[in-house]
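Student: The following block contains a protein sequence and its predicted model.
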Amino acid sequence: MTEINRRKFLTYVGTGAAALTVASAGLGGLAPKVEAKGRNAANNLFGFNKKVSGLNFKPIEPTDTDDVILPKGFKYEVVAAYGDKINEAGDTFGFNCDFTQYLPINGSNHGLLWVNHEYSSDLFVQGKPAGANGKYTPEQIEQLLYVQGGSIIEVKGDRKGGWKMVTNSKYARRITGLTPFELTGPAKGSQAMENATNVQGTFANCSGGLTLWNTVLSAEENYESTSRAAGLNENHYGWIVEIDPFDPNFKVRKHTALGRFHHENAAMGLTNDGRVAVYMGDDVKDACVYKYISKNKYIESRGKANSDLLEEGTLYVANMKKGEWVAMTIENVRAAIKGKADLEAKFQTQADVLVYADEASILLGGTPTDRPEDVEISPFDKTIFIAHTNNDRHGNFHGHITRFIEDNNDLGSLTFDFEIFAAGGKQSGFSAPDNLTFDSNANLWTVTDISSGSLNKGIHKNFKNNGLFVIPTVAHKNVKEEEVGEAYQFASGPVEAEMTGPSFTPDETTLFLAVQHPGENTRDINNPTSMWPHRKGDTMPRPSVIAITGF
């Protein structure tokens, strides 16, 4: 077994194998060299003094307790919950938090936290269903749009490991479905966008990423229901948006060059020749994996002006059968649909390709996959990890994690190989992998997203509530080779919740985690199926962001 694991790993890593073999003596010595290659959106934590020590915790057992359960020696506290005031203007923390990104103000004990808010709830937000004929009132529409988008909150840690939200913060503010956004890239002002150059709001914000210039990318995913309820043009949603949490004068924007589909996240890295590469998944059954490569090169001294790298470049879709990235250009699409009048009428410009990227990708030979959700770049060896959550159309009920290995270890390569790194199921102890992040020992942290209707039932009963798992990707002094690819449960979430958006502080002493939709299957507001976080005076469960300490 050990020899098989070693051979399998070295075969797929390719040019990175020599460096990784050295890591058997510990990762710390390699850390500064790896970080010098460039940061990425996968929480590049190498080079810091404080590190998670391998698997220095006793894995927990699955549980259906209505709480966040952690290993012995770890604790959590709620930093912000739905409805909490985040600033003196009276803005409140949004609903159903997802992606989190910590941005330091003063190291690892004081910073800003960006938090996505994915969707609303008629029961818990509106207090009642939509009105006659399923129509929302203007007041309900405003509330529907306000509770989605993102929250920028200021957070501080103390010497005892506690975390609090700074409610008089000068930085704290909301970005919502009501906030004006500008468009960039080929679809700006296009006919497919009804000639719009600016659009209203962002919502359905799932996961995201961090740019090399320290702004946040947030991904619009399942936008249909909100846009229809609010009477908004659906083509204005389903994009990657960019925000600078520190600067309210930075114009929030939607980058159309990155394509429109049901975005889960955006992971950024550098090609070997210095251009920006952004990896993305389309979280739909039988949908594709994408990569964007900028035309121009990243120049660190340009700072936030590097944002224009996301305006001009090429979007690619993965053909996994051939191991090729296929350029999604209007020329390629027109060649693929030649003679098909209905498609030729639809795809006339590059803007059309980007607005209808999910359809164009299939026409170009993109591989339909099993709900590609979070995509992250390993900050250790630059391989690409993709959480394919599940796909019951093909009997893949538990999902798997795929690993892409770009040729020549170059994020700019147009050819790749891949492996199934880990498979969900009873044999592995996890099901439905979702968001991913790395720690400085090359461990992959993944949360799970078993639907609330499937939790604790049938083939999912053994997993109990959704959880957070740690999967080693490299053998070293704290991890045996036979443990690589094995999942160890670190946390369990409340009833009918999923834990999302794991992100560490730079010194890795705190892990921020969003707890989304506890009590999601509640039908009677007076009899909720969960009351987490069990705060005094609460009459309903509240999606919240927690800080986990004890590392």
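Tutor: Ah, there it is. Numbers count the residues shown, from 1 in each chain.
Student: count of neighbours near His534?
Tutor: A count of nearby residues for His534, using other C-beta atoms under 10 Å, gives 13. No exception for glycine: its C-beta is placed from N, CA and C like everyone else's.
Student: whoops, I mixed them up, Leu183
Tutor: Based on other C-beta under 10 Å, the number of other residues close to Leu183 is 21.
Student: Now the element after the strand or helix carrying it, going C-ward?
Tutor: Assigned by DSSP states H and E, Leu183 belongs to strand 180-184. Per DSSP H and E, the first helix or strand lying C-terminal to strand 180-184 is strand 198-200.
Student: Neighbouring strands of that next one in the sheet, and parallel or not?
Tutor: strand 180-184 (antiparallel) (DSSP bridges).
Student: how about the partner strand: buried residues?
Tutor: 181, 183-184 (16 or more other C-beta atoms under 10 Å).
Student: what does it rub up against?
Tutor: 189, 193, 196-202, 241, 251-257, 308, 310-311 (C-beta atoms under 8 Å, 6 or more residues apart in numbering).
Student: Got a PyMOL select line for the buried ones in those?
Tutor: The PyMOL command for the buried members of the contacts of strand 180-184 (criterion: 16+ other C-beta under 10 Å) is given here:
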select buried, resi 193+196+199+200+201+202+241+252+253+254+255+256+257+310+311
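Student: re earlier: what's the average pLDDT for the strand holding Leu183?
Tutor: With pLDDT averaged residue by residue, strand 180-184 scores 98.
Student: now do stretch 92-107
Tutor: 97.
Student: Quote the end-to-end distance of it.
Tutor: Start-to-end span of stretch 92-107 (C-alpha to C-alpha, to the nearest Å) is 26 Å.
Student: Can you pull up the most central residue in the protein?
Tutor: Central residue of the chain (C-alpha atoms, centre = their mean): Ser207, 2.9 Å from the mean position.
Student: And that residue, which helix or strand is it part of?
Tutor: Going by DSSP H and E, Ser207 is part of strand 205-210.
Student: right, and the helix or strand after that strand?
Tutor: By DSSP H and E, the next helix or strand past strand 205-210 is strand 216-220.
Student: all strands for the stretch 201-350 of the chain, in order.
Tutor: With DSSP state E, counting those that start in this stretch as the criterion, the stretch 201-350 of the chain has strands at 205-210, 216-220, 240-243, 253-255, 267-270, 275-281, 285-287, 289-297, 313-319, 324-327.
Student: Include distance to Tyr119 and mean pLDDT when you put these into CSV, please.
Tutor: Output for these, formatted as CSV (distance: least, C-beta to C-beta, whole Å; pLDDT from 0 to 100):
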stretch, distance to Tyr119, mean pLDDT
strand 205-210, 9, 98
strand 216-220, 11, 98
strand 240-243, 16, 98
strand 253-255, 19, 99
strand 267-270, 22, 98
strand 275-281, 18, 98
strand 285-287, 19, 98
strand 289-297, 23, 98
strand 313-319, 26, 98
strand 324-327, 31, 99
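Student: Make TSV from those and add distance to Glu406 to it.
Tutor: Below are these laid out as TSV (distance: least, C-beta to C-beta, whole Å):
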stretch	distance to Glu406
strand 205-210	18
strand 216-220	21
strand 240-243	21
strand 253-255	22
strand 267-270	10
strand 275-281	9
strand 285-287	21
strand 289-297	9
strand 313-319	11
strand 324-327	9
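Student: Of all those, which one comes closest to Phe95?
Tutor: strand 205-210 (11.1 Å; C-beta to C-beta).
Student: Quick one: the strands in the stretch 451-551 of the chain, in order.
Tutor: Using DSSP E, counting those that start in this stretch, strands in the stretch 451-551 of the chain cover 467-472, 488-492, 498-504, 510-516, 544-549.
Student: In contact with the residue nearest to the centre of the chain, which residues are there?
Tutor: 98-99, 116, 219, 264-265, 373-374, 435, 500-501.
Student: With Asp410 instead?
Tutor: Asp410 sits next to 271-272 when contact means C-beta under 8 Å, 6+ apart.
Student: of the strands of the stretch 451-551 of the chain, which approaches Val333 most closely?
Tutor: strand 498-504 (34.1 Å).
Student: quick revisit: could you find the closest non-adjacent residue to the residue nearest to the centre of the chain?
Tutor: Asn265 (3.5 Å; C-beta to C-beta, 6 or more residues apart in numbering).
Student: Direction included, what does the strand holding Ser207 pair up with?
Tutor: By DSSP bridges, strand 205-210 pairs with strand 216-220 (antiparallel).
Student: Look up how far Ser121 lies from the closest residue in space to Ile420 that isn't next to it in sequence.
Tutor: Nearest residue to Ile420, sequence neighbours excluded (C-beta to C-beta, 6+ apart): His400, at 5.3 Å. Using C-beta to C-beta, to the nearest Å, His400 is found at 30 Å from Ser121.
Student: just Ile471 next, same as before
Tutor: Distance of Ile471 to Ser121, given as C-beta to C-beta: 32 Å.
Student: neighbour-wise, which of these two wins?
Tutor: Legend: neighbour count by other C-beta under 10 Å for Ile471 and Ser121, higher for Ile471 (22 against 19).
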